[in-house]
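Colleague: Okay, sequence plus prediction incoming.
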Amino acid sequence: MNLMLIDTGIPILSVILSFLFIVLLAYPVLGGVAWFVGAFCYTYLFKHKQTDWVAIPTEIEPLITIMVPAHNEEIVIEDTVTYLMQELHYTNYEVLVTDDGSTDSTPQILERLLEKYEKLRVVRIEKNKGKAHAFNVGANFAKGELILSNDADTLPEADALWKYVNYFIRQDGRNIAAVTSNMDVQNRSTIVGKSQTVEFSSIVGIIKRTQASVFGAIYAYSGANTMYRKDALIDVGMFRQDRATEDISIAWDHQFEGWVAHFAADIVFFMEVPETLNMLYKQRKRWAKGGTEVWLTNFRKVAAHPFANIGRTALFTDQTLSITWTLFFWVSTVLFVTRFAYTLFTGDIRQVLFMLAIAFVFVCFEMLAGILQLLASLSIDSHGKKLKYFLFSPLYLLFYWMMNAITILTTLIPAIKTILGFGTGVWISPERRKK
């Protein structure tokens, strides 16, 4: 009996291709189960979580620069700066806004706020060159030894600063380059916003916990709120300014240079998320392009020394499978639809029903794996307070997975162009809604 799914006439090649076909077919299911198991490893087995928080006396607080890169943020910038100035439980810090060529009323708002807050400083960049460039320029003016990257639409919890510092001052903290925190959704007024609560819990609650506890490496920082050691930024040449996602690139640059990164599940920040499908699609295109850029940039490094860091190689392998699966998904979908249409046209009802049954079983397995992943993440994140958002999981499982597959496909060529030297980090003004 021939068990090979692909027969090329060459036994060894047929076995290899059949094995790869099975792996790609089962990848979403295996991935969901793997993240599900990893979350419980983090919860019950991981020994390096930060559990003992030390109160830091005011007189020995390290100076922190809260960096807020901003481009056309007139709707949110005042609320964010006011919150950072008035609500944080920390004393020794400054807020540095790098205004990256804003053409709206952002400069005027900042000028007014400068008169109100002594700890606020503003650096004006005349030409928009992107978030990474704005951050790199601002870092030259930053007085703090620790720099908190804080997006203009992001609010960290009041205790965030001294909790961050706890990581850097502990005995094994001298080699920590960055601590990235736990993302939560601030605007949950629409179905799109509520469904992203499910998604972020899935990403943060499962994937980053697994990365930290099982693999000992983090694929990406949360660019909206991550604290960096300034020396570590300088050591890797700061942020790559031609990348779509500077937070993914810097995470890999740090870890290739031997720096350590931590995920802080107990430090929460709240961010504005896209509330329309158009806004969401633009955001996901940028994320997908940035992920592919990092994959292309580091492929040779990982392939040349796969055993130098097994955890990092495992994360890279997962990204490789994710991109490959996307291409496999679209090719197989086209072939399936073509074959189904032909079978339907020829009137082979038995074959039509068989193909529908196979597709149904495949989707059910994917949905089951996704549901296990989401249940685990929603139970763990915020001590189960987000379980009510499980009602929106079907939208996430069906729609968001499809959107991710679309964006990876549509950004593959632009990502290759970036690696060839034709990339740009210029901002596109965010679409904001007045509250």
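Modeller: That came in fine, so what should we check first? Residues are numbered from 1 along each chain as shown.

Colleague: Parallel or antiparallel, list what pairs with the lengthiest strand in the chain.
Modeller: Longest among the strand segments of the chain by residue count, using DSSP state E, is strand 260-271. Strand 260-271 has the following strand partners under DSSP bridges: strand 154-156 (antiparallel), strand 176-185 (parallel).

Colleague: what's the average pLDDT for it?
Modeller: Averaged across strand 260-271, the pLDDT comes to 87.

Colleague: repeat for stretch 406-416
Modeller: For stretch 406-416, the mean confidence score works out to 88.

Colleague: For that stretch, which residues meet the burial criterion?
Modeller: For stretch 406-416, a neighbour-count test (16 or more other C-beta atoms under 10 Å) marks 406-408, 411-412, 414-415 as buried. C-beta coordinates here come from the backbone N, C-alpha and C atoms, glycine included.

Colleague: Same check on stretch 93-102?
Modeller: Neighbour-count burial for stretch 93-102 flags 93-102 (criterion: 16+ other C-beta under 10 Å).

Colleague: ok, the residues you listed vs Ser322, which is closest?
Modeller: Asp100 (31.1 Å; C-beta to C-beta).

Colleague: OK, contacts around that closest one?
Modeller: 69-71, 125, 128-131, 133-134, 427 (C-beta atoms under 8 Å, 6 or more residues apart in numbering).

Colleague: if I look at Val337, how far off is Thr343?
Modeller: From Val337 over to Thr343 the distance is 11 Å, taken as C-beta to C-beta, to the nearest Å.

Colleague: how about the helices in the stretch 201-350 of the chain?
Modeller: Here the stretch 201-350 of the chain has its helices, by DSSP state H, counting those that start in this stretch, at 209-210, 230-235, 246-256, 277-304, 310-346, 349-380.

Colleague: if we can go back for a sec, just put the contacts of Asp100 in a markdown table and tack on secondary structure.
Modeller: Converted to a markdown table, these look like this (DSSP: H, G, I helix; E, B strand; the rest coil):
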| residue | secondary structure |
| --- | --- |
| Pro69 | strand |
| Ala70 | strand |
| His71 | coil |
| Ile125 | strand |
| Asn128 | coil |
| Lys129 | coil |
| Gly130 | coil |
| Lys131 | helix |
| His133 | helix |
| Ala134 | helix |
| Trp427 | coil |
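
Colleague: which is the next helix or strand following the lowest-mean-pLDDT helix or strand in the chain?
Modeller: Counting by mean pLDDT, DSSP states H and E, the weakest-scoring helix or strand in the chain turns out to be helix 393-395, with a mean of 61. Per DSSP states H and E, the first helix or strand lying C-terminal to helix 393-395 is helix 401-410.

Colleague: quick one: that following helix to helix 277-304, angle?
Modeller: Relative orientation of helix 401-410 versus helix 277-304 (axes from the mean of the first three to the mean of the last three C-alpha atoms, to 10 degrees): 60 degrees.

Colleague: before we move on, the earlier item: out of the helices of the stretch 201-350 of the chain, nearest to Ala220?
Modeller: So among the helices of the stretch 201-350 of the chain, helix 246-256 is nearest, using C-beta to C-beta, at 4.2 Å.

Colleague: hmm, back to that, of Val337 and Thr343, give the one with the bigger neighbour count.
Modeller: Neighbours were counted for Val337 and for Thr343 using other C-beta atoms under 10 Å; Thr343 has more, 17 against 10.

Colleague: any idea how far Ser222 is from the residue lying closest to that one once chain neighbours are set aside?
Modeller: Nearest residue to Thr343, sequence neighbours excluded (C-beta to C-beta, 6 or more residues apart in numbering): Gln351, at 4.7 Å. In this view, Gln351 and Ser222 are 48 Å apart by C-beta to C-beta.
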